[in-house]
Every structure is written in C-alpha cells, then in structure tokens.
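> generate coordinates for the sequence data below:
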Amino acid sequence: MGEVLSQNEIDDLLKALSSGELDVDNMKEDQGKQVKDYDFKRPAKFSKEHLRTLEIIFEHYGRLLSTNLPVYLRKNVQVSVVNSEALTFSEFTNSLATPVLLGIVNFAPLNGNVMVELAANLGYAIIDRMLGGQGNPLDKNREFSEIELAIIEKIIVVCVRLLREPWKNVIEISPLLERVETNPQFAQIIAPTDMISIITLSVKIGEVEGLMNICLPYFTLESIMDRLNTRYWFSNMQEKTDESFALQIEDMIKRVDIPIKAVLGSSTVSVNDFVNLAVGDIIRLDSRVDDELSVYVGNIRKFTALPGSSKDSYAIRITSVLNEEE
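Here you go, the predicted structure:
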C-alpha cells in the first residue's frame, strides 16, 4: 500500500504542478525505469563480462583449431567465434536435430562435464576426408555407423586436447573425452532447468561450413566464475621475454618428426623392363660400392654417409655434414 499524503503535501504537490516545477510525463518515465522484470526460471548467472571473457578464450581456441586440424584433414580449416549466450540446458537440447555429434568432456579438475556439439554436415565432411575423399558432406543426413563414429571420435579427441592452452590464464585443466553421443536424450549432463553458456564457433573445412557449439554449464564453472573477467584474464597473462619465447619455439621444433632417407643410387629403366622385372633381376645404379651415400632430410641433401648394419638392421654412419652451399 502506498504512502498516504497529508493535506499540506497535497497542496504543495498541486502548486508545483501548476507552476511547472514538476512534469507528470517525467514522473511516469522515472517510475517506469524503477521496475525491472526478472525471470526466475532463467536466473542471470552469466553476466556480459563472463560471456565476453569466454569469447576471448574461445577466439584463442579457434586459432588453435585452424592451425592443428589441417594436419589431420589435409584441408584448409577456418574457425571463428560468432555468438555467445546464456540459456537453460533444455532450450539447448530441444534445438538439436537427430542425428547430432555430442562429445561429453570431463573438465577436470572442475566438477561436472561440458559438451561439444559438432554439426552433422561437418562430421560427414571429416569422415569423407579421413577416408581419402574430397571432404564433401552427404546430401541427406543419416545415422552414423560405428566405424564413422570411431573416426569422428579421434578428431574430437584432438579438439578436446586443444582446450588446455586457451584456459591456462584461468585454470589448468585436463579435459578428457568420455564418450560421443548422437542422440540428445542420452546426453543429459545436468538438469534441464540449469543455466549454461553457449559459445558458437563457425567452422569451415574447405568449402563445407557448419557450427560447433561449446556448452558450458554454470555448475561446472561456478568455482571459477570470479576469474572469468577481463581484468583477471589480462593480469594473469605473463609477459614472455624474447629469449624464453625463442627457447619455447626451439623446444617445439626439436619434437617435430621429419623424414630422413639415405639414397644408394639412382637408375633409369624403360616401362617394358619395369613391367617384366622378376625376382633375381639386377638393376644397375649410377654409384659405386665404395661411394658415400647422400642422406636427405625431407627434400634437402644434408649429410653423406657409409652403409652398414646395427644388430639385425640396416644402418648408416654419418661421415660429413653438408652446408646449404653444397
């Protein structure tokens, strides 16, 4: 019940209105601004600051996907963040079609799981590419076979491992893919009314484009919500000196696998001779028995060596290192 005005207060109010000191329209606007609707079914647990910080994290994640997935798919991959929003888990699952690719990820040491949803057309393109095709999707969606799911699971495992680096400034995580589901009904990781944040990534594999949704439940992120702000994010970023950065790059390069081959010699034969080759035939090379072999690192001639054996295996002994000029 509103406050009851005295007669003197009523007279003063009427006097102020008649003199123009008060404006009825402004009073109505002020009263309207004081009332704000609140939906108790969808509590605002994720602020704009939280969502913006998650976008920054997954922008970094998108760059990692763009540089790592082409190694496996042999195809250009482009990833970018297109949207972030907060909604209930039931709203998210009800919007999913069947079949769908849902990776359930253990987000240790945080409680609970997160979910990675990959568009079906991207899944078909990945399968086609991994099996030697051009990476084309199907004209009509169908259920994934067990073999196809096994192939998709390997790629999702790679995507899950890449989550560690973007989250380092917030918390050290060890994400682990628990399973892949194709039916949303079997992927109920939290209660339908619980709040989640959805980060939507646009993924383009060659000419095929689709969406990847990262579902982050509030229950899982609750213990680190205070860290999900840009101030904490940038204050936690450690500036690396040029020297430490160079050492890190050097360490990464040292772990890269490179092909090495030792060439005994070369020869030229006709197609007819090649077709008629049989066991016991001899191909004459352009090198002598006592000549040193050329050793190639990739396509670059880098060493010379002498052939030999080590235990039960063939081996070579490096005799010299060649410079670029040689």
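
> tell me the contacts of the residue lying closest to residue 98 once chain neighbours are set aside?
Excluding its sequence neighbours, the residue lying closest to residue 98 (Cβ to Cβ, 6 or more residues apart in numbering) is residue 183, at 6.0 Å. Heads up, the C-betas are built off the backbone N, CA and C, glycines and all. By Cβ atoms under 8 Å, 6 or more residues apart in numbering, the residues touching residue 183 are 98, 99, 100.

> hmm, residue 115 and the last one touching each other?
No - using Cβ atoms under 8 Å, residue 100 is not in contact with residue 115, being 10.6 Å away.

> which of these two has more neighbours?
residue 115 (23 against 20; other Cβ atoms under 10 Å).

> turn the contacts of residue 183 into a markdown table, columns for distance to residue 169 and secondary structure.
Output for the contacts of residue 183, formatted as a markdown table (distance: Cβ to Cβ, whole Å; DSSP: H, G, I helix; E, B strand; the rest coil):
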| residue | distance to residue 169 | secondary structure |
| --- | --- | --- |
| 98 | 37 | coil |
| 99 | 36 | coil |
| 100 | 31 | coil |
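
> convert stretch 268-286 to CSV, retaining C-alpha atoms only.
C-alpha atoms of stretch 268-286 as CSV (Å, rounded to 0.1, in the frame of the first residue of the first chain):
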residue,chain,number,x,y,z
THR,A,268,66.6,-45.3,-65.4
VAL,A,269,64.7,-48.2,-66.8
SER,A,270,62.1,-48.5,-69.6
VAL,A,271,58.5,-49.2,-68.8
ASN,A,272,58.8,-52.6,-70.6
ASP,A,273,61.8,-53.6,-68.4
PHE,A,274,60.0,-52.4,-65.3
VAL,A,275,56.9,-54.5,-66.1
ASN,A,276,59.0,-57.6,-66.7
LEU,A,277,61.1,-57.3,-63.5
ALA,A,278,61.3,-60.6,-61.7
VAL,A,279,63.0,-62.0,-58.5
GLY,A,280,66.8,-62.2,-59.1
ASP,A,281,67.0,-59.4,-61.7
ILE,A,282,69.7,-56.8,-61.2
ILE,A,283,69.2,-53.0,-61.6
ARG,A,284,72.5,-51.2,-62.1
LEU,A,285,72.8,-48.0,-60.2
ASP,A,286,74.9,-44.9,-61.0
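
> can you tell me what sits against that stretch?
Stretch 268-286 is contacted from outside by 264, 265, 266, 267, using Cβ under 8 Å, 6+ apart.

> before we move on, what about stretch 149-162?
By Cβ under 8 Å, 6+ apart, stretch 149-162 touches 61, 64-65, 68-69, 72-73, 101, 103, 105, 116, 118, 123, 126-127, 130-131, 144, 175-177, 180, 182.

> rerun at 7 Å
Residues from elsewhere that reach stretch 149-162 (Cβ atoms under 7 Å, 6 or more residues apart in numbering): 61, 64-65, 68, 72, 101, 103, 105, 116, 123, 126-127, 130, 175, 177, 180.

> any idea which helix or strand in the chain has the lowest mean pLDDT?
The helix or strand of the chain with the poorest confidence is helix 24-33; it has a mean of 55 (mean pLDDT, DSSP states H and E).

> what is the subsequent helix or strand relative to that one?
helix 48-73 (DSSP states H and E).

> what residues sit buried inside the helix or strand following that following helix?
Using DSSP H and E, the helix or strand that directly follows helix 48-73 along the chain is strand 77-88. Within strand 77-88, the residues that qualify as buried by neighbour count (16 or more other Cβ atoms under 10 Å) are 77, 79, 81, 84, 86, 88.

> and if you look at stretch 87-106?
Buried residues in stretch 87-106, counted by 16+ other Cβ under 10 Å: 88, 89, 92, 93, 99, 100, 101, 102, 103, 104, 105, 106.

> now the end-to-end length of stretch 190-210.
Stretch 190-210 has its terminal residues 26 Å apart, counting by Cα to Cα, to the nearest Å.
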